[in-house]
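Colleague: my questions concern the predicted model and sequence given below.
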Amino acid sequence: MNYDDALNIIEQKKRLGIMPGLDRIKSLLDKMGNPQNKLRIIHIAGTNGKGSVANSIADALTKAGFRTGLFTTPYVTDYLEQIKVDGEMITKQVFCDYVERYCDEPASEFEFLTAIMYKYFFDIGAEYAVVECGMGGLEDATNCEDKNIAVITSVSLDHTEYLGGTIEKIAVQKAGIIKKDCVCIISPDNGECISIFENECKQKNARLIEAKDRGHFLSNNLSTAQAVLDYLSVDGTAENPALPARQEFLNGVLLDGGHNKGAAMALAPMLSDNECAVIAMLRDKDADAYLSLVAPHCKMIVATQVDNPRALPADELALLAKKYCDNVSVCSNPHDALSFARENGLTLVCGSFYLAREIRKDLF
């Protein structure tokens, strides 16, 4: 099997969409020998900051001499960037071998990728596996291990169609990664739902550690990562990773894939009051809350949409954006939207990692 064949199989599994439940992933992992139960897992849930915290922890562990696996989603530049060991992506050939071996299993794309990740980390001898949840925690495909270090970053409204319409309901889903007798390290930004994590830890006889509050969302991501390193007695300092589509500047354009109110709060201080923006979002995001913080900084918004079944149509996004910005255009094709915005002084692309994936290369 070549890499194109493997990606075709992945594409077929994507068409299955989001499939609730853990039966399929557990069955597949069982056929693999349950590698997830033989790894030292640092499992990260939360709404905002998961990727940054995961990358910061993994980088520090690698620098400290530990062979470290890192699993993050979604990808921005390369499908294989989601599975790394010591900063290096899984090779195409190794990935193809796993796909060929297990492709007949009835798993969704994310379940399939997750199982391959756990198998690869075990096979390659990873001493730590830093694993970012895809969505939620309790019923997320990554949540199949017997024990872990549970890490919960800032929680806010996101994926409400699947996780619930309140912070409390979403926090219950995130708390689902807390295992019996484990350690749970939480961001200091979770004040309004800390009782949920306290109760879950009490029920599971888990030790709860709250990271130090440094007074700012981005600083608290580092504080959370540092709390993990300190618990592990790792001689290292958590540092901000340079990640694609996370407040990334490319040729004078700010690219940010954040897509909820918390992400907008982190982005807004970086904005002028004269931005020309291309924005796309998914339907299951709180687009109004996001736009209420970002759109007032824009002199012009070009609303577009991504190639995803969960995409919010560009015209619907535009209607919401017009509540906060007087100059809103609609251009459903993101590449055409980018060209149009460039003619008007493009400075900002935001609202979706899927949008960033599609047009990031056009910004170089």
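Modeller: Good, I have the coordinates.
Colleague: just the buried positions in stretch 238-249, please.
Modeller: Residues of stretch 238-249 classed as buried by neighbour count (16 or more other CB atoms under 10 Å): 238, 240, 241, 243, 244, 245, 246, 247, 248. (Glycine included, C-beta is placed from N, CA and C.)
Colleague: quickly list what the last one is bridged to.
Modeller: The residues listed as beta-bridge partners of residue 248 by DSSP bridges are residue 255.
Colleague: could we number from 21 for the rest of this?
Modeller: New numbering, starting at 21: the last item is residue 268.
Colleague: ok so, going back, and the two most separated of the buried residues of stretch 258-269?
Modeller: Greatest spatial distance among the buried residues of stretch 258-269 (CB to CB): 258 and 265, at 20.7 Å.
Colleague: I'd like the buried residues of stretch 258-269 as CSV, with distance to residue 190 appended.
Modeller: Conversion of the buried residues of stretch 258-269 to CSV gives the following (distance: CB to CB, whole Å):
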residue, distance to residue 190
258, 25
260, 26
261, 25
263, 23
264, 26
265, 23
266, 21
267, 24
268, 27
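Colleague: and residue 142, how close does it get to residue 270?
Modeller: Relative to residue 270, residue 142 is positioned 37 Å away (CB to CB, to the nearest Å).
Colleague: so those two - more neighbours on which side?
Modeller: More crowded of residue 142 and residue 270, by other CB atoms under 10 Å: residue 142, with 19 against 15.
Colleague: host element of the more buried one?
Modeller: Assessed by DSSP states H and E, residue 142 sits inside helix 129-144.
Colleague: which other residues reach that helix?
Modeller: Residues from elsewhere that reach helix 129-144 (CB atoms under 8 Å, 6 or more residues apart in numbering): 30, 33-34, 36, 38-39, 44-45, 48-49, 52-53, 55-56, 58-59, 87, 89, 91, 93, 102-103, 105, 110, 114-115, 118-119, 122-123, 125, 127, 149, 151, 154, 161-162, 164.
Colleague: how about the CA coordinates for it, as PDB?
Modeller: This file holds the C-alpha atoms of helix 129-144, laid out as PDB (Å, rounded to 0.1, in the frame of the first residue of the first chain):
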ATOM      1  CA  GLU A 129     -11.400   8.100  11.000                       C
ATOM      2  CA  PHE A 130     -10.600   9.600  14.400                       C
ATOM      3  CA  GLU A 131     -11.000   6.200  16.100                       C
ATOM      4  CA  PHE A 132      -8.700   4.600  13.500                       C
ATOM      5  CA  LEU A 133      -6.100   7.300  13.800                       C
ATOM      6  CA  THR A 134      -6.200   7.100  17.600                       C
ATOM      7  CA  ALA A 135      -5.600   3.400  17.600                       C
ATOM      8  CA  ILE A 136      -2.700   3.700  15.200                       C
ATOM      9  CA  MET A 137      -1.200   6.400  17.400                       C
ATOM     10  CA  TYR A 138      -1.300   4.200  20.500                       C
ATOM     11  CA  LYS A 139       0.100   1.200  18.700                       C
ATOM     12  CA  TYR A 140       2.900   3.200  17.100                       C
ATOM     13  CA  PHE A 141       3.900   4.800  20.400                       C
ATOM     14  CA  PHE A 142       4.100   1.400  22.100                       C
ATOM     15  CA  ASP A 143       5.900  -0.200  19.100                       C
ATOM     16  CA  ILE A 144       8.500   2.600  19.000                       C
END
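Colleague: that helix: how far from the chain's middle?
Modeller: 17 Å (CA atoms, centre = their mean, to the nearest Å).
Colleague: next helix or strand past that helix?
Modeller: Later in the chain than helix 129-144, the nearest helix or strand by DSSP H and E is strand 148-152.
Colleague: direction included, what does that next one pair up with?
Modeller: Assessed with DSSP bridges, strand 148-152 is paired to strand 61-65 (parallel), strand 88-91 (parallel).
Colleague: now do the longest one against helix 129-144, angle only.
Modeller: For strand 61-65 and helix 129-144, the angle between their directions (axes from the mean of the first three to the mean of the last three CA atoms, to 10 degrees) works out to 160 degrees.
Colleague: what's the mean pLDDT across strand 61-65?
Modeller: Mean pLDDT, strand 61-65: 98.
Colleague: which elements pack onto the helix or strand following that strand?
Modeller: Following strand 61-65 in sequence order, the next helix or strand is helix 70-83 (DSSP H and E). Under the contact criterion of 3 or more CB pairs under 8 Å, 6 or more residues apart in numbering; DSSP states H and E, helix 70-83 touches strand 61-65, strand 88-91, strand 148-152, helix 237-251.
Colleague: what is the very next helix or strand once past the third one packed up against?
Modeller: So the one you mean is strand 148-152. Per DSSP H and E, the first helix or strand lying C-terminal to strand 148-152 is strand 169-172. The contact analysis (3+ CB pairs under 8 Å, 6+ apart) places strand 169-172 against strand 61-65, strand 203-206, helix 237-251.
Colleague: just how off-centre is strand 169-172 within its chain?
Modeller: 15 Å.
Colleague: so which helix or strand takes in residue 104?
Modeller: Secondary structure from DSSP H and E places residue 104 in strand 103-105.
Colleague: which other helices and strands contact that strand?
Modeller: strand 88-91, helix 129-144.
Colleague: quick check: which of the ones you listed is nearest to residue 327?
Modeller: helix 129-144 (14.7 Å).
Colleague: quick check: buried residues in that closest one?
Modeller: Buried residues in helix 129-144, counted by 16+ other CB under 10 Å: 129-142.
Colleague: sorry, back to before: looking at the helices and strands packed on helix 70-83, which is nearest to residue 71?
Modeller: Residue 71 sits nearest to strand 148-152 of all the helices and strands packed on helix 70-83, at 6.3 Å, using CB to CB.
Colleague: and for that closest one, what are the contacting residues?
Modeller: Residues from elsewhere that reach strand 148-152 (CB under 8 Å, 6+ apart): 59-64, 70-71, 74, 77-78, 81, 86-93, 137-138, 141, 162.
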